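Trainee: can't give you the sequence, but here's the structure:
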């Protein structure tokens, strides 16, 4: 975590490379020689599972100056900044439940802090954090059982709670009772049966995936049983978990390409996710003005291509062709440098997948 008042001290790996002693080195060389893995180098301040690793600049400066590494504050403060793993732990929920809060509940989403701090136009990844006070306030304000509607949704009416609150509210009921039935959720929240079944399957599937990631010896079915999910609900939840596993397996590769594009100034820094597009996975990275395309799209069937539509870059089947569309490689997962090179060279690529 980032202790209170220390946001200005946060460094990414790119920052470490720029501050390397006796002289700065490139990020690529830093990753190759791994000076941060040497004995005595300060430990990261980010979670062990963090995608973007962070350090404290005061500690790393002391290391390079061959001085004692100063200790960081050890007492919790309301102004500490927590990443998503730490926020989930503070609430006592899974990462899947936290993600549903982060994306759908304004009590969380409106208080995100991006670190490290960057000046407008500066490049480099930023990581979402939240003040501990926001997490604590949310924890005490979460509605419990019995606070929702007590009757089912009347036929032909719309859902009774805002759309962005649906998954968080279902997640709360699932937290309280892993075997909660769709009927009970319908009665509690006043939602439609289709909405509830889809939400329960989505949340259960993600939690099954979280558990299998934590304990790879478990099968999906064993994880579902361990989580207390009833047999009738497992089939659909396991299907969701299988899709989620595919998404998570390709996520590090996609993020690596996105980071390379951002580092070269071709795209804004940010996280990229694989989405279910029909029967395949796909992902899109929006490019900055002045690039040879509006966006890059990755499809698990044919790899990377350019896109001409920023609002809907992935589109629908069949695979798009025409002006501005180039399929950049015959490799489904080319190296990030190859993707960047193919994007920059308009002569590279094919018109057809």
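Mentor: Arrived safely. These figures come from a predicted structure and were not determined experimentally. Residues are numbered from 1 along each chain as shown.

Trainee: Show the pLDDT at the residue lying closest to residue 24 once chain neighbours are set aside.
Mentor: Take residue 24 and drop its neighbours on the chain: the residue closest to it by C-beta to C-beta, 6 or more residues apart in numbering is residue 18, 5.0 Å away. The way it works is simple: take the backbone N, C-alpha and C, and place the C-beta from them, glycine included. With respect to pLDDT, residue 18 scores 88.

Trainee: these two touch, right, residue 18 and residue 29?
Mentor: No. Checked against C-beta atoms under 8 Å, the pair residue 18 and residue 29 is beyond contact range at 11.7 Å.

Trainee: When these two are compared, which one has more neighbours?
Mentor: Taking other C-beta atoms under 10 Å, residue 18 and residue 29 do not tie; residue 18 has more neighbours (15 against 12).

Trainee: Return the set of buried residues in the worst-scoring helix or strand of the chain on mean pLDDT.
Mentor: Within the chain, no helix or strand scores below helix 95-104, which has a mean of 78 by mean pLDDT, DSSP states H and E. Judged by neighbour count (16 or more other C-beta atoms under 10 Å), helix 95-104 contains these buried residues: 95, 96, 97, 98, 99, 100, 101, 102, 104.

Trainee: Confirm for me that the first one is in contact with residue 84.
Mentor: In this case it means residue 95. Yes. Contact criterion C-beta under 8 Å: residue 95 and residue 84 qualify, at 6.6 Å.

Trainee: Now do the buried residues in the longest strand out of those in the chain.
Mentor: For the chain, the strand with the greatest residue count under DSSP state E is strand 280-286. Going by neighbour count (16+ other C-beta under 10 Å), the buried part of strand 280-286 is 281, 282, 283, 284, 285, 286.

Trainee: And the residue nearest the centre of the protein?
Mentor: residue 271 (6.2 Å; C-alpha atoms, centre = their mean).

Trainee: Tell me who's in contact with the closest residue to that residue other than its chain neighbours.
Mentor: Nearest non-adjacent residue to residue 271, counting by C-beta to C-beta, 6+ apart: residue 255, 6.8 Å away. Residue 255 makes contact with 51, 271, 272, according to C-beta atoms under 8 Å, 6 or more residues apart in numbering.

Trainee: ranges for the strands of the protein?
Mentor: Secondary structure of the chain by DSSP E: the strands cover 10-11, 55-56, 81-82, 113-115, 127-131, 275-277, 280-286, 295-299, 303-307.

Trainee: Sort out which residues of the fourth one are buried, please.
Mentor: Counting neighbours by 16+ other C-beta under 10 Å, one finds that the buried residues in strand 113-115 are 113, 115.

Trainee: And the contacts of it?
Mentor: Against strand 113-115 from outside (C-beta under 8 Å, 6+ apart): 2, 7, 10, 54, 81, 126, 127, 128, 129, 130, 131.

Trainee: Off-centre distance for that strand?
Mentor: Centre-to-centre, strand 113-115 and its host chain are 14 Å apart (C-alpha atoms, centre = their mean, to the nearest Å).

Trainee: sorry, back to before: report the separation between the residue nearest to residue 24 and residue 127.
Mentor: Distance, residue 18 to residue 127, using C-beta to C-beta, to the nearest Å: 18 Å.

Trainee: With residue 94 instead?
Mentor: Counting by C-beta to C-beta, the gap from residue 94 to residue 127 is 20 Å.

Trainee: and what of residue 275?
Mentor: With C-beta to C-beta as the criterion, residue 275 and residue 127 are 21 Å apart.

Trainee: quick one, which of these two is more surrounded?
Mentor: The residue with more neighbours, out of residue 275 and residue 127, is residue 127; 22 against 12, by other C-beta under 10 Å.

Trainee: Please tell me the pLDDT value assigned to the closest residue to residue 93 other than its chain neighbours.
Mentor: Among residues not flanking residue 93 along the chain, residue 175 sits closest, at 6.2 Å (C-beta to C-beta, 6+ apart). Looking at residue 175, its pLDDT stands at 88.

Trainee: Same check on residue 145?
Mentor: Here the pLDDT value assigned to residue 145 is 33.
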